[in-house]
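Novice: Kindly generate the corresponding structure for this input.
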Amino acid sequence: MTTSGVPFEVDPATTELIARWMDEQLIDRMGIKITEWDPERVVGTMPVAHNRQKFGLLHGGANAVLAETLGSIAAWRWGMPDKVPLGMELSCSHHRAVTEGEVTGVCTPLHRSRAVATFEIRISDEQRRPTCTARLTCLLRHHPPG
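Specialist: A predicted model of the protein is given here:
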């Protein structure tokens, strides 16, 4: 079964959990679109519009949301079907300001084990210039929290 907004097949229990909060997803508010989701690479885009800080630049926190979204999807793919990811640490280095268009994040694995997965997320502007580099580490648990 494929759940709306999730680009791959999930089990019925996870589908039910996702459906509970389908109308409250940050990914939708941020305008994030997942464009590629194979096991070795997850790619997504996010608009600058509506994700700015007060000086008109893409907000650094928006970069963090994009990075955590892509890394969490990659960790989820790695842990499926038995485990769900819980973010443990996220670090972001901002390299260049972005004022228009959209950014693209590319997430690739740095380390994956049965209990922990770490990913690098490189974010770039429309000219493919690096704007942010992030690293996300997730704990992989057997059951969703709560």
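Novice: Could you list the low-pLDDT ranges of this structure?
Specialist: 1-22, 144-146 (pLDDT under 70).
Novice: quick one: the helices in it?
Specialist: 12-20, 26-30, 60-79 (DSSP state H).
Novice: Quick check: which of these is buried the most?
Specialist: helix 60-79 (a mean of 22; mean count of other Cβ atoms under 10 Å). Using the backbone N, CA and C atoms, a C-beta is placed for each residue, glycine as well.
Novice: Now do the residue of the chain positioned farthest from its centre against Ala67, distance only.
Specialist: In the chain, counting by Cα atoms, centre = their mean, Phe55 sits farthest out from the average C-alpha position, at 25.0 Å. Using Cβ to Cβ, to the nearest Å, Phe55 is found at 21 Å from Ala67.
Novice: likewise Leu86?
Specialist: 16 Å.
Novice: thinking again about what came up before, and the helices of the chain as TSV, adding distance to Arg41?
Specialist: Compiled in TSV, the helices of the chain are given as follows (distance: least, Cβ to Cβ, whole Å):
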stretch	distance to Arg41
helix 12-20	22
helix 26-30	18
helix 60-79	8
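Novice: Nearest to Met46, out of those?
Specialist: Proximity to Met46 (Cβ to Cβ) singles out helix 60-79 among those, at 4.8 Å.
Novice: other SSEs contacting the closest one?
Specialist: helix 26-30, strand 33-38, strand 41-47, strand 84-94, strand 102-112, strand 116-124, strand 130-141 (3 or more Cβ pairs under 8 Å, 6 or more residues apart in numbering; DSSP states H and E).
Novice: Return the distance of that helix from the chain's centre.
Specialist: Relative to its chain's centre, helix 60-79 lies at 2 Å (Cα atoms, centre = their mean, to the nearest Å).
Novice: Repeat that for stretch 23-37.
Specialist: 9 Å.
Novice: First-to-last residue distance for it?
Specialist: 22 Å (Cα to Cα, to the nearest Å).
Novice: Not counting its own residues, what contacts it?
Specialist: Applying Cβ atoms under 8 Å, 6 or more residues apart in numbering, the external contacts of stretch 23-37 come out as 5, 7-8, 42-47, 49-51, 62, 65-66, 69-70, 73, 77, 104.
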